[in-house]
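> only geometry, no sequence info:
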């Protein structure tokens, strides 16, 4: 039993000299563009939430019945439309995909309700993005697998690693419900549940998080309480001339004309049809919302009709494309935290 | 034979098995107990436990293809002191090593865990039955500042300690000669109220995050059978354990994907070469889980304990 005492003594000595042995498989630089004390380890670890790197899609016919109120994030490029259902994005947060020669990462943070799509060509090199497992202001931080640099989804830039300071080249991501999307893009493809990863996609993984304004899992600073935390808003991010629009403003359909960052901006939205999109106005006059006239969502005084993705689909200027302005849909608290003092449209 | 029976009393009088240190959200089992023996006796126990945490469960369904792998290793030093025939006390300090692997990283942490202090009162006893009450505290001596090389605090379940003061209450009913000689049974009920760490990952410029592990109820029924050998005796045991945990607390609300119900089968084997020494090996196998949301949980536990008893003079 002498050995027991010897081991005990060694144990006590080892306790006294305990050190942190953490080993990180990714970025090892402690230089951050954001306060590192406000970055949190979400728990699952890097790639513990697996991105979808080889998504599979169904046609509308193949998909069969989908709840018409199910939220999707849509991407349109060269006439091809793809929809990514929230219930799959909730579990994976990032889809690395492409349409033709366009390679993009569709990132979605379930804790801030924000979807941002961006180009996977970074500094001339195509990369893929994964879920780093870290959160800043309770928002997703993707990492790129080329350099292991960490990115902030809502800051729209790289905040740690070799690519620090590089800004995100965003692509338009349109959030709406399935009924509106498929009415707008009948030939759309929709990502199916064949992700290669075993998950129960019918379960929402965060309980009452979407509707409980008091349920904020990780610290947020500053916490702006001018609107309810989980109010669904569209934030226009225009070089400091930022503004949010609650979906409740839009009722069955409205168009707001704004002047932001020396740009004329059109904000189209419908609470009933679950969409908000914003475009730069190229001398169109008097847009008014259309109800249940998909794929058109609005028409101007000259009879030009515009689609969700900003294409003039009929009228004298048919074929023109409205230029999207930087905008993100998400929970109010998160956008207000990333863009402090953001103006609220009233 | 009388001496052997005394030995059985000495070594099976281990009560209040509670969870202690935070091992990936699945704290150590079978380490916290309060020795029940002769007055003025002192027992020292050195333990090692390994937890493999690789079961990915969605409510009650096992999922495949999880990119994560977790494990916890704990070495624990425990000292028990029997004050008098009714009162005894115990102190347990673990050293915790944890590992979290994914397809693209491995993170580990090593540090002192939380100090567990327990006291036990023998409420009733006769020739065959003992009834104990116990209570204690787990103090936040553990390391809660482990960081990765990028300077970010590891998650609370990768820390060696909880940063909170926890309360443990329990009772044990122990019956010898149950149904037939040399078979004993024990029934344990344990409640653990976990405090909240209001300043987890705090820095000079940031107040940190409020976090607390969920409160727990643990019920265990065990059967122990004594086998007399030429060089001491052997005690195999089998237990059925039910554990309920409420959800963890993040900030002000219940954290998703935490808490639930677990049923497991602890199996052990103890060798007592004489009255002062014992070595126990054990394992714990999950039988059923019904948990909140998606969680990675323990698929097996193994452990070994070596115990030495000072002042073996019997007061029975």
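Structure's in. What do you need? This structure is a prediction, so every number in the text was calculated from the model and none was measured.
> so what's whichever residue of chain B sits closest to chain A scoring on pLDDT?
Residue nearest to chain A within chain B: residue B:105 (2.6 Å; CB to the nearest CB). All C-beta atoms are positioned from the backbone trio N, CA, C, and that covers glycine. Listed pLDDT for residue B:105 reads 92.
> is the helix or strand containing residue B:43 anywhere near chain A?
Assessed by DSSP states H and E, residue B:43 sits inside strand B:42-53. Yes - residues of strand B:42-53 contacting chain A under CB under 8 Å from any CB of the partner chain: B:44, B:46.
> neighbouring strands of that strand in the sheet, and parallel or not?
Strand B:42-53 pairs in its sheet with strand B:69-82 (antiparallel), strand B:300-310 (antiparallel), by DSSP bridges.
> centre of the chain to the first one, how far?
For strand B:69-82, the distance between its averaged C-alpha position and the chain's averaged C-alpha position is 8 Å (CA atoms, centre = their mean, to the nearest Å).
> following it, which helix or strand comes up?
On the C-terminal side of strand B:69-82, the closest following helix or strand by DSSP H and E is strand B:87-101.
> packing partners of that next one?
Applying 3 or more CB pairs under 8 Å, 6 or more residues apart in numbering or on different chains; DSSP states H and E, we find strand B:87-101 packed against helix A:2-16, strand B:32-35, strand B:69-82, strand B:106-112, strand B:115-125.
> hang on, the earlier thing: state the distance from the residue of chain B closest to chain A to residue B:151.
Residue B:105 is 15 Å from residue B:151, where distance means CB to CB, to the nearest Å.
> spit out the contact partners of whichever residue of the stretch 51-200 of chain A sits closest to chain B.
Distances between the stretch 51-200 of chain A and chain B by CB to the nearest CB are smallest at residue A:198, namely 4.3 Å. Shown in contact with residue A:198 (CB atoms under 8 Å, 6 or more residues apart in numbering or on different chains): B:63, B:64, B:65.
> near chain A too, which of these?
Within those, those near chain A by CB under 8 Å from any CB are B:63, B:64, B:65.
> any chance of CSV for the residues you listed, columns neighbour count?
CSV is the format used below for those (neighbours: other CB atoms under 10 Å in any protein chain shown):
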residue, neighbour count
B:63, 15
B:64, 8
B:65, 11
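> ok, the spatially closest residue to residue A:218 that is not a sequence neighbour - how many residues close by?
Among residues not flanking residue A:218 along the chain, residue A:138 sits closest, at 4.0 Å (CB to CB, 6 or more residues apart in numbering or on different chains). Residue A:138: 21 surrounding residues under other CB atoms under 10 Å in any protein chain shown.
> quick one, grab the pLDDT at residue A:138.
The model's pLDDT for residue A:138 equals 96.
> swap in residue A:29?
Per-residue confidence (pLDDT) for residue A:29: 74.
> okay, how far is it across stretch A:114-134, tip to tip?
For stretch A:114-134, the first-to-last residue distance is 16 Å (CA to CA, to the nearest Å).
> could you give the average pLDDT over that stretch?
Throughout stretch A:114-134, pLDDT has a mean value of 96.
> likewise stretch A:327-334?
The model assigns stretch A:327-334 a mean pLDDT of 98.
> check stretch A:173-190 too.
98.
> what residues does stretch A:302-314 touch?
In contact with stretch A:302-314 (CB under 8 Å, 6+ apart) are residues A:74, A:76, A:81, A:172, A:174, A:176, A:180-181, A:184, A:268, A:275, A:277, A:279, A:284-285, A:287, A:290, A:293, A:295-300, A:315-324.
> run a quick neighbour tally on residue A:290.
By the criterion of other CB under 10 Å, residue A:290 has 17 neighbours.
> any idea how far it lies from residue B:299?
Here the criterion is CB to CB. By it, residue A:290 lies 57 Å from residue B:299.
> give the contact list for the residue nearest the centre of chain A.
For chain A, the residue nearest the mean C-alpha position is residue A:115 (1.3 Å; CA atoms, centre = their mean). With contact taken as CB under 8 Å, 6+ apart, residue A:115 is in contact with A:73, A:84, A:89, A:106, A:107, A:108, A:109, A:173, A:175, A:328, A:329, A:330.
> sorry, back to before: beyond the strand holding residue B:43, next helix or strand please.
Assigned by DSSP H and E, the successor of strand B:42-53 is strand B:55-58.
> distance from that next one to the middle of the chain?
On the basis of CA atoms, centre = their mean, strand B:55-58 sits 22 Å off its chain's mean C-alpha point.
> neighbouring contacts of that strand?
Taking CB under 8 Å, 6+ apart as the rule, strand B:55-58 contacts A:199-200, A:203, B:62-64, B:66, B:68, B:286, B:289, B:291, B:293-299.
> quick one: which of those sit in strands?
Among the contacts of strand B:55-58, the ones falling in strands (DSSP state E) are B:62, B:286, B:289, B:291, B:294, B:295, B:296, B:297.
> can you give me the pLDDT of residue B:178?
88.
> quickly find the element holding it.
Using DSSP H and E, no helix or strand contains residue B:178.
> what's it in contact with, if anything?
Counting by CB under 8 Å, 6+ apart, residue B:178 touches B:184, B:185, B:223.
> as a markdown table, the residues you listed with secondary structure and neighbour count would be great.
Listed next are the contacts of residue B:178 as a markdown table, based on DSSP: H, G, I helix; E, B strand; the rest coil; neighbours: other CB atoms under 10 Å in any protein chain shown:
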| residue | secondary structure | neighbour count |
| --- | --- | --- |
| B:184 | strand | 22 |
| B:185 | strand | 17 |
| B:223 | strand | 15 |
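> on that earlier part again, who does the residue nearest to the centre of chain A form a beta bridge with?
Residues in a beta bridge with residue A:115, per DSSP bridges, are residue A:108.
> and it, how far from residue B:253?
Applying CB to CB, the value for residue A:115 to residue B:253 is 24 Å.
> got it, and residue B:216?
As defined by CB to CB, residue B:216 lies at a distance of 19 Å from residue B:253.
> who has more neighbours, the two?
residue B:216 (21 against 17).
> right, I'll call it a day here.
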